[in-house]
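1. here is my input; please provide its structure:
(4 chains)
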Number of protein chains: 2
Amino acid sequence: MGGESTFDLDAVDWRILAELQEDARVSYAELGRRVGLGATAATERVRRLVDNGVIKGFRAEIDLERVGYGVLAVVRLRHPSGNYRKLHAELERTTEILQCHHVTGKDCFVLFVAARTMRHLERLTGRIATLGSIATSVVYSSPLPSRVITAPTD
Amino acid sequence: MGGESTFDLDAVDWRILAELQEDARVSYAELGRRVGLGATAATERVRRLVDNGVIKGFRAEIDLERVGYGVLAVVRLRHPSGNYRKLHAELERTTEILQCHHVTGKDCFVLFVAARTMRHLERLTGRIATLGSIATSVVYSSPLPSRVITAPTD
DNA sequence: ACGCTATGCCGCAAAACCCGCGCCGAGCAG
DNA sequence: CTGCTCGGCGCGGGTTTTGCGGCATAGCGT
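-> Numbering: from 1, shown residues only, chains lettered A, B, ... in the order given. Coordinates of the predicted model:
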């Protein structure tokens, strides 16, 4: 249990996932109505999807700009291999770091950073730069901020 | 209404945002209980946050690996300026592209791409490479896949 | 074919929840 | 003090949730 194997989803499961990605607060009764199931069956499907780790959680999506984070940046960090310790500490301490991915290539880590102002971003990147050399790209806009995941079409 | 101004949030609003980022399906009654409000007041707060665009939506978070997308990659695209048309068409057509950000620097766009296999990724990056020169980094793991947004601490 | 079991969905009833209503108290201007 | 607004509360009827039992279908060994 809880490994990293894939899980078999039928067409109804995928419709449920689509609905819940669009509106995670829809009632089970309404959800069932939309996918052609009763409320009980829909509830059971969702419970199984959560238990099997297909659905990792239900999250409110926040508008960064509206809450005072006007600047979003992608920071690529060339981290001297070895002490992940300092990086982990930095990730824990710095709530402005929204995402961190360990990737192939000479840019070992890719971070997303939210800042209130350019001055704020300057301070944050300064801190990150103590871990290794960095390249910072400020986001102008996001033509596709996030997409709902659909079934692989073979 | 609906511009891009910031919105004033008090401490209770931030606690509500924190709760809804952790579990977007919590009932209004329970939410009120957790932040020290009645159900009605909590409902009203959330309604205002949604109406003012602070909350952009409620989304189920899917485990890409569990649904068959075992490979995640960051693709940096140097797009010849001008015809956004082709890029937009590619973004619409290709459901495997999960995010696209327009950024400063010589890597004009940063994309997140989900693929079933390396072969699948090869095909996808091949398509994207028709738009401009690309640099692809495959994600090993994500030490911080996504963080809940908190109040700027000045 | 037959019985057996497992699975997935439905119906039902009690408890919880949602939502629109009116009311209350604090803060504030005149 | 009076009148006003704003945010929160309580309340009642309609809806949803949730646990339980029942039913139909599929798979399987004999």
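2. hey, let's count contacts and neighbours off CA atoms from now on
-> Fine.
3. now do the contacts for A:Ala24.
-> Listed by C-alpha atoms under 8 Å, 6 or more residues apart in numbering or on different chains, the contact set of A:Ala24 reads A:Phe58, A:Arg59, B:Ala24, B:Arg25, B:Phe58, B:Arg59, B:Ala60.
4. name the SS class of it, please.
-> For A:Ala24, the secondary-structure state derived from DSSP: H, G, I helix; E, B strand; the rest coil is coil.
5. how much space separates it from B:Arg59?
-> Noted for A:Ala24: a distance of 5 Å to B:Arg59, by C-alpha to C-alpha, to the nearest Å.
6. now do the shared contacts for those two.
-> Joint contacts of A:Ala24 and B:Arg59 (C-alpha under 8 Å, 6+ apart) are A:Phe58, A:Arg59, B:Ala24.
7. from A:Lys56, how far off is the last one?
-> Okay, so that is B:Ala24. For B:Ala24, the distance to A:Lys56 equals 12 Å [C-alpha to C-alpha].
8. okay, and the nearest residue to A:Gly57 once chain neighbours are set aside sits in which element?
-> Leaving aside its chain neighbours, A:Gly57 sits nearest to B:Glu61 (5.3 Å; criterion: C-alpha to C-alpha, 6 or more residues apart in numbering or on different chains). Per DSSP states H and E: B:Glu61 is located in strand B:55-62.
9. for the residue nearest to A:Asp63 when sequence neighbours are not counted, give me its contacts.
-> With C-alpha to C-alpha, 6+ apart as the criterion, A:Asp63 has its nearest non-adjacent residue at 5.1 Å, and that residue is B:Val54. Contact analysis of B:Val54 by C-alpha under 8 Å, 6+ apart lists A:Ile62, A:Asp63, A:Leu64, A:Arg66, A:Val67, B:Phe7.
10. are any of the residues you listed buried, and which?
-> A:Ile62, A:Asp63, A:Leu64, A:Arg66, A:Val67 (16 or more other C-alpha atoms under 10 Å in any protein chain shown).
11. okay, strands next: where are they in chain A?
-> For chain A, the strands defined by DSSP state E cover A:55-62, A:71-78, A:97-103, A:109-115, A:133-144.
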